[in-house]
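Student: Task: produce atomic coordinates for the following.
(chains A and B, ligands or ions: 2)
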Amino acid sequence: MTITDRSTSDRGVAEVPLAASTVHASKVYGKDATEVRALDDVTVGFETGRFTAIMGPSGSGKSTLLHCIAGLDTLTSGSAYIGETDLSTLDDNHLTVLRRDQVGFVFQAFNLVPTLTADENVTLPLALAGRKGDRDWIDEVVRTVGLEDRLDHRPSELSGGQQQRVAVARALASKPRIIFADEPTGNLDSRSGSDVLQFLRAAVDDFGQTIVMVTHDPVASSYADRIVFLGDGKVVDEMVQPTAERVLDRMKQFGD
Amino acid sequence: MLRTTLRNLAANKLRLLTTGLAVLIGVAFMSGTMILSATMAETMDDMFASAYEGTDALVRSSSVIETPEGTEIRPRIDEAVVDQLAAVDGVAVAQADVWGVAQVIGRDGDPVGQPEMGPPTVGASWPVDELNTWTLEEGRAPAAADEVVIDRKTAEDGGYAAGDRAQVLVNGAPIDVTVSGVVTFAGADSPGGASFSLFTVEAAQQHFGEVGKVDSVSLAAEEGVSQEELVERIAAIVPGGLETITGDEFIQENQDAMAEATAFFDQFMMVFAVVALLVGGFTIFNTFFITVAQRTKQHALMRAIGASRRQVLVSILLEAVVIGIIASAIGLGAGVVIAAGLKAMLTAFGVALPAGGMVFGLGTAVVAFSAGLIVTVVSAVSPARKAGKVPPIAAMRDIEVSSSGYGSKERIMVGVAVLALGAAGLLYGLFGSPSNGLAIVGGSAIVVFFGVSVLGRTVSLPMSRVIGWPLAKSRGIAGHLARQNAMRSPKRTAATAAALMIGVGLVSFITIFASSTKASFNDVIDRAFTGDVVITSPQQFGGSGGMSPELTERVAALPEVETAAGVRGGVVEVDGSVEFLLAADEATFDVFDVEPVAGSPDDLDATSIAVFEDVAQDRGLSVGDTVDAAFVATGPQELTVALIYGENQPAGDWLLGKAAYEANYVDQLDAQIFIKGADGVAQEDVLAAVEAEAAAFPGAKVLDQNEYKAEQLAFVDQMLGLVYAMLALAIIIALLGIGNTLALSIFERTRELGVLRAVGMTRRQLRSTIRWESVIIAVQGAILGLAIGIFFGWALVAALAEEGLTVFAIPVATLVWVVVLAALAGVAAAILPARRAARLDVLRAVVSE
Ligand SMILES: Nc1ncnc2c1ncn2[C@@H]1O[C@H](COP(=O)(O)OP(=O)(O)O)[C@@H](O)[C@H]1O
Ligand SMILES: [Mg+2]
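Tutor: Numbers count the residues shown, from 1 in each chain, chains lettered A, B, ... in the order given. Ligands and ions are numbered 1, 2, ... in the order given. So this is what the prediction gives:
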C-alpha cells in the first residue's frame, strides 16, 4: 500500500500527500474484565501543510491516538505512519531518531528541560542530533513567538505562556515533517492561549508546517483547517473550515 | 506512626536496600574486625595457658629493660640456681629454660619461616617430662648436642622427618644436626605458626644461649602445694637479683604481652571500620535528605490533616531506626564472613594465623550493632528536622526539589571555622607532641573531613562547573546536561561527593606517606652509603637474629673488597630512657658517611659511645662528657662521648664501636653488612666474590644498592597493599552512595527525562548523560579527597622529618590514576541508575496527571 493508495481509498482526496496517518489502528489497555479499548479501528490521515484538530470528550482516545502516531506509544493492532514510514517496523532507537528529526511536540505542561535556557530548549532536538541547525530560521522562529529577549532565561523564570511559546519554537526549530500538540493551551489563560494558537496558525500559513492538535476547546479548534471528532476510540465525524460556533453545535449534538 | 513508617519502607524496598547496604557493610566490617581480634586473642590465650599448664612458679632475673615496643628483656641467670631450687621442699621439679633464635634450613637450602613478618623462629631447650606440653609424633627427645626436635609445621615446610640430617641456623651460622623427633602442640602442628627448634639444655646454651646460664627456671610444685605456697617456700633461698612469680601470673603476663603486640593490628582494623561507617553515614544522610525532599507533599499533607512537627520528625527517625536495626543485624551476621575473609587476606599477606572457629562475643554484637544504629539515626536527624519544618501549605504547592546556592554566609563561616579547627588540631597533634597525639590527629582528621563537607555546597557549584566544562565542550548535549544536572543541587552533589572524598583522601594520604618514606630512604642510601653491596639476613620481628661475624670477616678479607662493615643493633638505657643503638667496627665507618662533627670514630673504645648532633645538643653533651648507660647483659656502665656526628640516617641517635658492643652484648651478630669494593674492581666482580662467600650462610642475601633499597622498602608496598584493600571498602560504599543519589534524582526527574526522550534523546544519550553526571560527582569527590590527602600527607611527613622523613614526595602519576579510577568508578556507579532511566516509560513523563 502506498501513500497515494491510502489517501485516495481512505479519505477520497488525492490532492495532498499525508504527513501522518493510521490504518485500522486499535489500542487496548488492560485485559479481560478491565479491558479498555482506547482506539478502535481508527483510520485517519493528516495532510501535509494543514492544521488538523482532534476533538472529542474526555477519555475518547485523543491523546492515545496522538501518542501512537507520534511514536511515543505502540498500537495493539493496525499501523501508524509518519510519511511513508510504518512505525511498527522501528526499534526504540530508530523511533527516537524519527521523533527527533521528523516530529515536533508541544505538550500540555512540563514541556521544557529545567536546566536548559530557553534558547537551549528551542535547539534541543538539533543538539541531540549533533547539528547546529539553520540559525536564521531559528532566529525567525524565536522572533515570531516573541522570545528574543528571553533566550537566556531558565524555564523557572518564564511564565506558563512563555514556556508554551518556547515549546512551540522548539517544535518548529528543526523543521519537522509534523508537529503534534496535546492540549497546548490547556494550562494557559485565554490570552496566552490565543497567542500560542496564533503562532501555530502562523506556522501553517507562513511556513507550510503540518500540525495536529488535540483539544477539547471549541475556540482552540477553530484555528484548525479541519477537525476530526473522536468518540469511544472511533472517528465519529469530521469538519472542514470550522468555526467555534459550529464546533459548539456539533459538540452539543454528541452531548459532551 | 510506626505502621505508616513500615508501610513507607516496604513500598520503597530499593531505597531500603541501598541505604541499608551502606550501614550493613560498615557494621559487618566492624564486627568482622572484632570477631577476628577476639578469635586471635582467644587462640593466643589458650596457647599460653596450655604451654605453661604445669608451671607453678618461675624464677628469673629481676633486672629488666623494656623496649619502646613494650618487650621486656632480661639478662640470663646462673644455672646453679636450678639445683638449689630443686632441693627446696615442695618443689617437684625445677627445669632450666633456655631461649634464643634458631631457624631450621629447609631441604631447598632456604631458612624456614618469615620471622620479619610473621611468627618468630625460636630456639629453646627441651622441657623435663613433668612440664612437657609437646606431643612427640615421631622419634624421640633430643639426647645429644647435635640432636634437635622440631614442630610438625617446620618439619613439613622444611621437608624433614625424624631421623633426617638437617641444618639449623644458630648464631648466624648453620650447624649440622639430626632431627631426633617431630612434635605437635595442643593438637596444632605448631603453636601459633611459630617455628621451634628444641635442643637439650646444654646444646641450647651452647648454640644460642650462654654456657652456664639459663633464661629462667620453671618449677612444678608437689601435690598439695599451691602456687603461692611454692613461691613463699623458695623465696628464702632465691638469691638477690632474681624474682619469682606464680605460674598463673606468668601465663597472664604472656597473654597480656601478646594482646599488647596485637593491639596495633586491632586498632588498625578498627580505623577502617570507623571510616566505613563514616562514609556510610554520608550515604544515609544523603538518601534521607533527598527522599525527605521528594516526600514534601506527603509530609505537608500529614501536617495539614493534623500531624505535629514532632510527629513528622519522629516518623522519619523511626524509619532510620528500622533501617538501622535491620541493616545492623544483617551486618553482624555478615561480620563472621568478613572475619573469615580478613583472616584469609592477612594470611595471603604473610601473617600466619592459627586455624580455629570464630569467637563471636556479646561485646562485639553490642558495640557493632549500636554503632550501626547510632550512625543511621544520627545521619537522619538533620533530614528529619527538615521534614518536620515542612508547612502544611506545601501540600498545595508544587514540589521544589532542587535547592541551589552557595550556602548561607553563616554556613560558610562555620565551615571555615570547623576546617581551621581540624587543621589546627591536626598540626598540634603532629608537631606539638602531646601525649595522646594519635587520638588528636585521628579526631582532627575527622573534623577536617567534616569541615570540608560543611563547605561542600559552596565549592561544589564552581567545581562541577569546571570539571564539567570539558564534557560540555566535547560530549555535546549529553555532556552539557550532565554538567547542568551536577550543578542543579550543589548540596546533594556535595554530600554525595563527600563520601568518596573520605576514601580518596585517605588513599592519597597513605600513598603520599609511602612514597615519601621510600624517597627519604632512597635519598639516605644515595647520600650516605658509599659502598656497592649489602648483605641482609633474616631478622626476627623484634630485631634479634642476624649473621655470624665470621661472614663479615671473610668478606672483608676478599681482595675485591676494601671495607665490610657489619652493623649490629641493640637496646640501651641512656640517662633513664631506653634507646635503640647501632654498632659497627669503627674502622669501617667510611662505608657510611655519618658526618663527624666533633671527636673521631677512632676514639670509640670499649667504654665510649657516639651520639647524633641534635641529641647531643638536647642533652647538653659534648665530646669527653660521660653518660650513664645500662645494658641488659652488663647492667649500669659509664660511657664517654667520643664522637658527635651530623647524619643520623641510617646510623640512628646512638652508635657504639665494636669493642663497646662486644663488651656489653651477649649475641654478636651482624644484622646487615655494608660492603665497599676495592678500587678498580668492577661492581659485578665484587658482587660475585661476596656471593661466593655468602653461599655458606643460608638466609644471607647479597644485594646491590638498588636491590637493597627495594628489599628494605618491600614492606612499604606490602603495607600499602593492605591499606588499599581496606580503603577499597570505603570507596565501594561511597560508590553505592553515588548510585543511590543518581537513582533518587532520576526518579525525581521522570518528567524531564520523558521530555528529553520524546523530543529525540536516544537511550544511549540518556545513559551517557547520567554517566557523565556521575563522573563529575566522582571526580569532584576525588579532587577534594586529593587536596585533603596531600595536606595530611604533607603534615605527617613534615612532623616526621626528625625521624628521617626528609623528602616530601607527591607521586603525581599515582594520584592522577586515583582521579582517573575515581572517574571510572563514577561510570560504574552510574550503570544501574542509567539503565533504569533509559528504560523509563516516555509516556509517564509527558502525560499530565
Ligand atoms: N496507560 C493507560 N492504562 C489504562 N488505560 C488507559 C491508559 N491511558 C489511557 N487509558 C484509557 O484509555 C482511554 C482513552 O484515554 P485518552 O487517550 O487519554 O483520552 P483523552 O485524551 O481523549 O482524554 C480512557 O478510557 C483512558 O482511561
Ligand atoms: Mg488527553
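
Student: Quick one: name the residues of chain A near ligand 1.
Tutor: For chain A, the residues in contact with ligand 1 under the definition Cβ under 6 Å from any ligand atom are A:29-30, A:36, A:38, A:56, A:58-64. Just so you know, the C-beta spots here come from the backbone N, C-alpha and C atoms, and that holds for glycine as well.

Student: in the stretch 351-500 of chain B, which spans are helices?
Tutor: Counting by DSSP state H, counting those that start in this stretch, the stretch 351-500 of chain B forms helices over residues B:362-388, B:409-431, B:437-454, B:456-474, B:476-488, B:490-528, given from the N-terminal end onward.

Student: which stretch among those comes nearest ligand 1?
Tutor: Ranking the helices of the stretch 351-500 of chain B by their distance to ligand 1 (criterion: Cβ to the nearest ligand atom) puts helix B:476-488 first, at 27.6 Å.

Student: Stretch A:158-171 and chain B in contact?
Tutor: Yes: if you take Cβ under 8 Å from any Cβ of the partner chain as the test, stretch A:158-171 does meet chain B, through A:Arg170.

Student: Show the subsequent helix or strand relative to the one helix or strand in chain B whose mean pLDDT sits lowest.
Tutor: Within chain B, confidence by mean pLDDT, DSSP states H and E is lowest for helix B:2-11 among all helices and strands, at a mean of 70. The element immediately downstream of helix B:2-11 (helix or strand, assigned by DSSP states H and E) is helix B:13-51.

Student: Does the residue in the stretch 551-700 of chain B positioned nearest to chain A lie in a helix or a strand, and which?
Tutor: Per Cβ to the nearest Cβ, the residue of the stretch 551-700 of chain B with the smallest distance to chain A is B:Gln649, at 57.2 Å. With secondary structure defined by DSSP H and E, B:Gln649 is part of neither a helix nor a strand.

Student: which residues of chain B score low on pLDDT?
Tutor: Low-confidence segments of chain B, defined by pLDDT under 70, are located at B:1-2, B:4-5, B:9-11, B:14-15, B:346-356, B:395-407, B:540-543, B:845-849.

Student: near chain A, which residues of it?
Tutor: Residues of chain B lying close to chain A by Cβ under 8 Å from any Cβ are B:476-477, B:480-481, B:484-485, B:487-488, B:751-752, B:754-765, B:842-843, B:845-848.

Student: can you tell me which of the residues you listed are in helices?
Tutor: Judged by DSSP state H, the subset of the residues of chain B next to chain A located in helices is B:476-477, B:480-481, B:484-485, B:487-488, B:751-752, B:754-758, B:763-765, B:842-843, B:845-846.

Student: Now the buried members of these.
Tutor: B:476-477, B:480-481, B:484-485, B:487-488, B:751-752, B:754-758, B:763, B:765, B:842, B:845-846 (16 or more other Cβ atoms under 10 Å in any protein chain shown).

Student: Could you report the neighbour count for the closest residue to B:Gly70 other than its chain neighbours?
Tutor: Residue nearest to B:Gly70 in three dimensions, not counting chain neighbours: B:Glu260, with 5.3 Å by Cβ to Cβ, 6 or more residues apart in numbering or on different chains. Other residues within reach of B:Glu260 by the criterion other Cβ atoms under 10 Å in any protein chain shown amount to 12.

Student: Report the separation between B:Glu260 and ligand 1.
Tutor: Distance from B:Glu260 to ligand 1, counting by Cβ to the nearest ligand atom, to the nearest Å: 69 Å.

Student: do the same with B:Leu821
Tutor: From B:Leu821 over to ligand 1 the distance is 44 Å, taken as Cβ to the nearest ligand atom.

Student: In contact with that residue: list those residues for me.
Tutor: Residues near B:Leu821 by Cβ atoms under 8 Å, 6 or more residues apart in numbering or on different chains: none.
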